[in-house]
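Asker: Dropping a prediction and its sequence here:
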Amino acid sequence: MQEYREFLAKTLIDETALQNRIRELAEEINHDYAGQDLMLICILRGGVVFMVDLMRHIRVPHVMDCMAISSYGVGARASNGNVRVTYDLQNNIAGRNVLIVEDIVDSGHTISHVLEMLSTRNPKSLKVCVLLDKKERREVPVPVAYCGFEIPNAYVFGYGLDIDEYYRNLPFIGIVDLEKYKGNTE
Ligand code: PRP
């Protein structure tokens, strides 16, 4: 596997900035849901790292669940609107305060579909918490209640976001230099 430093164009958000902002988001959530019960829903797989760090700072009582969505065609870098659920929630969300936790909103198709689907299950409330928002790429409007960072339209990786499924473990968000990235086949 190629060493990320070989194709890192620049670090967009370093580890300290990420962790500081995540702590701030958690405090907003602690404030807004004070005295209530919360269900965090992680959108696999990109949302995992963010969700784990975020929930460590959430002090309101909460449970967690996960769902997986398939939206991009093979090798594509943007959703095409053809969104489907590949792994559904294991819990009933009726009457619960649901907070969807996602790594990035790009076109908006994924979150829009998730919101549409979950709203039919009668949650008490339904909101979105996203680490990164590529606003200029939006194709469908989505209500984002909690946003970590607005970012430019660059190919970003790390902290849950993959390149060909690798590099999700990196503790920062980097921008890929596509001319230097050779591709990972395994
Ligand atoms: C990414 C990301 C969001 C979605 C955002 O998922 O995690 O779910 O794309 O794009 P959109 O706003 O254009 O719909 P991806 O399909 O890459 O899967 P992953 O989370 O498993 O990496």
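Answerer: All right, it came through fine. Residues are numbered from 1 along each chain as shown.

Asker: ok, the helix or strand bottoming out on mean pLDDT in the chain near the ligand or not?
Answerer: Comparing every helix and strand of the chain by mean pLDDT, DSSP states H and E singles out strand 84-87 as the least confident one, with a mean of 93. No - using C-beta under 6 Å from any ligand atom, strand 84-87 stays clear of the ligand, with a minimum separation of 9.7 Å. Every C-beta, even on glycine, is put in place using the N, C-alpha and C of the backbone.

Asker: Tell me the helix or strand right after that strand.
Answerer: Towards the C-terminus, the helix or strand next in line after strand 84-87, according to DSSP states H and E, is strand 97-105.

Asker: low-scoring stretches of the chain, by residue?
Answerer: Under the criterion of pLDDT under 70, the regions of the chain flagged as low confidence span 72-81, 185-186.

Asker: residues in it within reach of the ligand, list them.
Answerer: With C-beta under 6 Å from any ligand atom as the criterion, the chain comes near the ligand at residues 43, 45-46, 69, 71-72, 78-79, 102-110, 162.

Asker: Mind doing that once more with 8 Å?
Answerer: By the rule C-beta under 8 Å from any ligand atom, the part of the chain lying against the ligand is 43-47, 68-72, 78-79, 83, 102-113, 134, 137-139, 142, 160-162, 165, 168.

Asker: re earlier: so which elements touch the least confident helix or strand of the chain?
Answerer: Under the contact criterion of 3 or more C-beta pairs under 8 Å, 6 or more residues apart in numbering; DSSP states H and E, strand 84-87 touches strand 62-70.
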